[in-house]
Each structure stands twice: as C-alpha cells, then as structure tokens.
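In: structural data only, the sequence is not supplied:
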C-alpha cells in the first residue's frame, strides 16, 4: 500500500502542469469563439440595417404614390410613376409591330 502511494504522488505532481496547460488552452478557445460570434453578429446587424433602410425607402416611394392626390394619372401608368419618384428613367415598353 505504501509503495502505491509513493508511486501516485509523483504521477499526480506531474499531471498538474498538464492540467493547467489544458485549462488555459480551453479558456483561449472559448475567448476566440466569443470574439468570432461578436464580429459575426456585428456584420449580421449591419446587413439587417441596410435591408431595413432599403425597405423604408421603398415604403416612402409607395406612400408618395398613394397620398399624392395631384398626380392625375389614376393608376394607369403606375410603373412609370414609381420609376419617376425613384429618379430613374422608366423603361419603355417595346412597340407593337404587326
């Protein structure tokens, strides 16, 4: 029994540094995962903010179309009116040839 205890003491003493190195490595891995997640979330929130801004602009254009009582178009050329409000030249439909 004494021989086993005498053998276990140096083995345990040698295992302590390995355990310390392993826990330090695990802590670094956890920190890197947190940092990677944070930067990924920042990029995701930036993309979402851009999409929201684009949608808000589209809603503003649609609101201007709906609330503009002086347009006089009566909805007959809605695509041209949308493009005009965007500031883009509307595409002309192809002419009919018979």
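Out: Sure, I can see it. Predicted model only: the values in this text are computed from it and were never measured. Numbering: from 1, shown residues only.

In: only C-alpha atoms from now on, for both contacts and neighbour counts.
Out: Noted.

In: so what secondary structure elements neighbour the helix ranked longest in the chain?
Out: Ordering each helix of the chain by length in residues (DSSP state H) puts helix 2-67 first. With contacts defined as 3 or more CA pairs under 8 Å, 6 or more residues apart in numbering; DSSP states H and E, the packing partners of helix 2-67 are helix 78-86.

In: check which residues of the helix it packs on are buried.
Out: 80, 81, 82 (16 or more other CA atoms under 10 Å).

In: for the residues you listed, give me CSV that also has pLDDT.
Out: Conversion of those to CSV gives the following (pLDDT from 0 to 100):
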residue, pLDDT
80, 72
81, 73
82, 72
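
In: which one of those residues is nearest residue 55?
Out: Using CA to CA, residue 82 is the member of the buried residues of helix 78-86 that lies nearest residue 55, at 14.4 Å.

In: that closest one: what's it in contact with?
Out: Residue 82 is in contact with 61, 62, 65, counting by CA atoms under 8 Å, 6 or more residues apart in numbering.

In: and the gap between the closest residue to residue 62 other than its chain neighbours and residue 38?
Out: Among residues not flanking residue 62 along the chain, residue 82 sits closest, at 7.6 Å (CA to CA, 6 or more residues apart in numbering). Here residue 82 is placed at a distance of 39 Å from residue 38 (CA to CA, to the nearest Å).

In: got it, and residue 25?
Out: From residue 25 to residue 38 the distance is 20 Å (CA to CA).

In: no further queries at this time; thank you.
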